[in-house]
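Chemist: Turn this into a structure:
(one chain, ligands or ions: 1)
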Amino acid sequence: MSGDYLVRATALDGKVRAFALRATGLVEELRDRHDTSPAVTAALGRTAMGSLLMAAASLKEPDQLLTVEIRGGGPVGRILCTANGRGGVRGMVSNPHAHADSVHPGKLNVAGVVGTAGYLSVTKDLGMKEPYRGTVELQSGEIGDDFAYYLAQSEQTASAVGLGVYTTRETLVDAAGGFLVQLLPGLSEEEIVAIEREVAALPHPTRLIRDGLAPEQVLERIFPAGYELLDRYPVAFACPCSKDRFEAAIVTLGSEEINRIIEEEENDYTEVVCHFCNEAYKFEPADMQRILQAAS
Ligand code: ZN
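Modeler: So this is what the prediction gives:
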């Protein structure tokens, strides 16, 4: 399979669950839609890929949703990504142009834009009455480590997470990908040590994907004795917004607020922009009158 996709696998008789993805086109689309600076591209891309990997690990149905919110106190502000159970993800940040000087020459300072004093929270909407929500304090602001810490703390699953985004000087995304490995109960001490050794010996995720390794090849590196491929599906940027959805949302504002919007509008139309995909929807005066009617 070419392009962006995710693989789901098991190893060691089902005692290890593993996921890996390539998402170069997806992260480039996030960069393009939000016009993000290089460090923000990496932060948003890593969060989007981590969300997809966690969605693959924990959502059972295509229309279930998993939302990750990171607030680290850094210049990027809030990072928000929502992944569904069929490989779609959307994301946004408060400040797309945020910048932090490099600490290591040639390396993006992701923790510098994200910040390290804050939290990562995960909300799972499984279609029940109440969504499930868990929160942990940020550990490094590098995001991969923070996802692993969340899984260990909030879901009691020992996990290794590697996420990498590689951008050139022209800010285009050249490569993006990552992996998630979960150790389940029943593993022997030797088996755990062996997996930890393979994961620790891996090059930085950015190097792995820069070298052009496909998701299957990343898993081969982690499980030299072999693994069982369970599933493989495409991943892509996906925002469910539409003019109809925004119209329904405006109706809920009530007639007073809608009248105020119409009166204060300086153009001969009303424009609504989706924060997640930057798509702009135009509402003509006739549209707004119809919406006002529906609200009254
Ligand atoms: Zn949208």
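
Chemist: Name the SS class of Glu29, please.
Modeler: What DSSP: H, G, I helix; E, B strand; the rest coil gives for Glu29 is helix.

Chemist: neighbours of the residue nearest to it when sequence neighbours are not counted, just the number please.
Modeler: In space, and not counting its chain neighbours, Glu29 is closest to Phe237: 4.4 Å by Cβ to Cβ, 6 or more residues apart in numbering. Backbone N, C-alpha and C define where each C-beta goes, glycine included. Residues lying near Phe237 (other Cβ atoms under 10 Å) number 21.

Chemist: List the contacts of Glu220.
Modeler: Tyr227 (Cβ atoms under 8 Å, 6 or more residues apart in numbering).

Chemist: helix/strand/coil for it?
Modeler: At Glu220 the chain is in helix, as set by three-state DSSP.

Chemist: Surely the residue nearest to Glu29 and Gly88 touch.
Modeler: Yes: applying Cβ atoms under 8 Å, one finds Phe237 in contact with Gly88, separated by 7.5 Å.

Chemist: ok so, going back, quick one: residues contacting the residue nearest to Glu29.
Modeler: Contacts for Phe237 (Cβ under 8 Å, 6+ apart) come out as Leu26, Glu29, Leu30, Arg33, Gly88, Val89, Arg90, Cys277.

Chemist: among those, which two are most distant?
Modeler: Using Cβ to Cβ, the pair of these lying farthest apart is Arg33 and Gly88, separated by 14.2 Å.

Chemist: Show me where the stretch 1-150 of the chain has its strands.
Modeler: 5-11, 16-22, 65-71, 78-84, 88-93, 119-125, 132-137 (DSSP state E, counting those that start in this stretch).

Chemist: Which one, of the ones you listed, ends up nearest to the ion?
Modeler: Among the strands of the stretch 1-150 of the chain, the nearest to the ion by Cβ to the ion is strand 88-93 (6.7 Å).

Chemist: Go ahead and name everything in contact with that closest one.
Modeler: Outside strand 88-93, the residues within contact range by Cβ under 8 Å, 6+ apart are 26, 30, 34, 36, 40, 43-44, 47-48, 51-52, 55, 76-83, 235-239, 275-277.

Chemist: Pull out the buried residues from these.
Modeler: 26, 30, 34, 36, 40, 43-44, 47-48, 51-52, 55, 76-77, 79-83, 235-239, 276-277 (16 or more other Cβ atoms under 10 Å).

Chemist: Just the residues you listed: which are in helices?
Modeler: Among the buried ones among the contacts of strand 88-93, the residues falling in helices (DSSP state H) are Leu26, Leu30, His34, Val40, Ala43, Leu44, Thr47, Ala48, Ser51, Leu52, Ala55.

Chemist: Nearest to Asp287 among those residues?
Modeler: When those are compared for distance to Asp287 (Cβ to Cβ), His34 comes out closest, at 26.7 Å.

Chemist: Let me see the contact set for the nearest residue to the closest one once chain neighbours are set aside.
Modeler: Counting by Cβ to Cβ, 6+ apart, His34 lies nearest to Pro96, which is 4.6 Å off, once chain neighbours are set aside. Neighbouring residues of Pro96 by Cβ under 8 Å, 6+ apart: His34, Asp35, Thr36, Ser37, Val40.

Chemist: so Glu190, which of the three states?
Modeler: Glu190 falls in the helix class when you classify it by three-state DSSP.

Chemist: actually Val272, not the one I wrote
Modeler: At Val272, secondary structure determined by three-state DSSP is strand.

Chemist: Tell me the residues of the stretch 101-250 of the chain that contact the ion?
Modeler: Within the stretch 101-250 of the chain, the positions near the ion by Cβ under 5 Å from the ion are Cys239, Cys241.

Chemist: Okay then, goodbye and thanks.
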